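Novice: have a look; sequence and predicted model below, questions after that.
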Amino acid sequence: MTGSKLYTQVSSTTPNISLYDNQTVSSPLSLGMQWDSQLYAFVALVISFTVVVFLVATMQWLRSYKDTPAAKKKAAIRKNKKLKALEEKRIGQVSMNSVSCETFLSSYKKKLKDQFLPIEFKALGRSSEEYPQLIASLPCNFQKNNSRNVLPYDHSRVCLDTPPTMVDNDYINANFIFKMQNAKRVKAYIAAQGPLPNTVADFWKMVWQEGVNTIVMLTNVFSYSKQECEKYWHNTYSMYGDIHVYQESVSITCHYTIRHFSISKVGSEATRIFVL
């Protein structure tokens, strides 16, 4: 058509294109939270590893320390304290009830089995603290005692007969044991320590003086390689001070030895026979 204008309408079907289309972009706050959680996890891991290493190192050190002399000494001190506390408790439980002759053996066996006799012995010493032992503790008598903590009491000790000029020389480590007879206390036994080299003569003097006819010696001359007391007799004859001692016979059994002696004193015609 002449003079006519042709108009064409073009329609675009191309969608709008955006730079961020179909993409999710995290906000700054979300990124910060993720970073913090990762940091916390890392720190926790480092701390856990450090603790484990520390514990392992400590255990290794303790194992090696237990074998050192200082650690063994401390362990021994702690053990001794516990044993001492237990011993004190058991001493406090000891009763001072008397035991009849009929039940003595069974009571002894039971206490021996329960290991209670040493505890009773220590309790006996505690209960006897009211009785002085001044004579036995004098410097002049120190060398006559085999032990510092086993001493005779002043009120019941055996006093040796001495000349008036030697009144301070009447000491021997021995005590009388009394029994009741007709409502009176009478001397029944003597408890004495095993003689020392310097007290053998005093021992035999006491035997003669007190009219002893039987000696029950519970102390061996030697215990393993240690000497417990002096051998206070000769296999045939010997003289101790002014006492003559003759061994008459010997009988050896599995558990003990029986010896028969005859003794006499210088200036006396009497002769006594007794059993050891």
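Specialist: The structure has been received and is ready for your questions.

Novice: pull the residues that contact stretch 114-128.
Specialist: Contacts made with stretch 114-128 from outside it, assessed by Cβ atoms under 8 Å, 6 or more residues apart in numbering, are listed as 87, 90-91, 94, 96, 108, 111, 149, 153. Just so you know, the C-beta spots here come from the backbone N, C-alpha and C atoms, and that holds for glycine as well.

Novice: looking at these, which one is closest to residue 143?
Specialist: Within these, distances to residue 143 taken as Cβ to Cβ reach their minimum at residue 149, with 16.0 Å.

Novice: tally of neighbours for that closest one?
Specialist: Using other Cβ atoms under 10 Å, residue 149 is surrounded by 7 other residues.

Novice: where does the stretch 151-276 of the chain have low pLDDT?
Specialist: Confidence mapping of the stretch 151-276 of the chain against pLDDT under 70 gives the ranges 164-168, 274, 276.

Novice: show me where the protein has helices.
Specialist: According to DSSP state H, the chain carries its helices in the segments 28-65, 69-92, 101-113, 117-127, 200-209.

Novice: can I get the ones you listed in TSV with distance to residue 275 and mean neighbour count?
Specialist: Formatted as TSV, the entries for the helices of the chain read as follows, by distance: least, Cβ to Cβ, whole Å; neighbours: other Cβ atoms under 10 Å:
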stretch	distance to residue 275	mean neighbour count
helix 28-65	60	10
helix 69-92	36	11
helix 101-113	22	10
helix 117-127	26	14
helix 200-209	12	21
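
Novice: export those helices to CSV and tack on distance to residue 272?
Specialist: Written out in CSV, the entries for the helices of the chain read as follows (distance: least, Cβ to Cβ, whole Å):
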stretch, distance to residue 272
helix 28-65, 67
helix 69-92, 42
helix 101-113, 28
helix 117-127, 32
helix 200-209, 7
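
Novice: which one of these lies nearest to residue 184?
Specialist: Between residue 184 and the helices of the chain, the shortest separation by Cβ to Cβ is 19.2 Å, and it involves helix 101-113.

Novice: how far off helix 117-127 does the closest one point, in degrees?
Specialist: For helix 101-113 against helix 117-127, the angle between stretch directions is 110 degrees (axes from the mean of the first three to the mean of the last three Cα atoms, to 10 degrees).

Novice: other residues contacting helix 101-113?
Specialist: Contacting residues not belonging to helix 101-113 are listed as 99, 117, 120 [Cβ under 8 Å, 6+ apart].

Novice: any idea how far the second one is from residue 70?
Specialist: The reference is to residue 117. With distances defined as Cβ to Cβ, to the nearest Å, the gap from residue 117 to residue 70 amounts to 36 Å.

Novice: could you do the first one as well?
Specialist: Taking Cβ to Cβ as the measure, residue 99 falls 47 Å from residue 70.

Novice: and the last one, by the same measure?
Specialist: With distances taken as Cβ to Cβ, residue 120 is found 37 Å from residue 70.

Novice: so what's the residue count around the residue lying closest to residue 228 once chain neighbours are set aside?
Specialist: Counting by Cβ to Cβ, 6 or more residues apart in numbering, the nearest residue to residue 228 once its immediate chain neighbours are dropped is residue 219, at 5.0 Å. Residues near residue 219, counting by other Cβ under 10 Å, number 12.

Novice: cool, and residue 266?
Specialist: Counted with other Cβ under 10 Å, the neighbours of residue 266 add up to 9.

Novice: list the contacts of it.
Specialist: The neighbours of residue 266, taking Cβ under 8 Å, 6+ apart as the test, are 242-244.

Novice: out of these, who has the most neighbours?
Specialist: The residue in the contacts of residue 266 with the most neighbours, by other Cβ under 10 Å, is residue 243 (21 neighbours).
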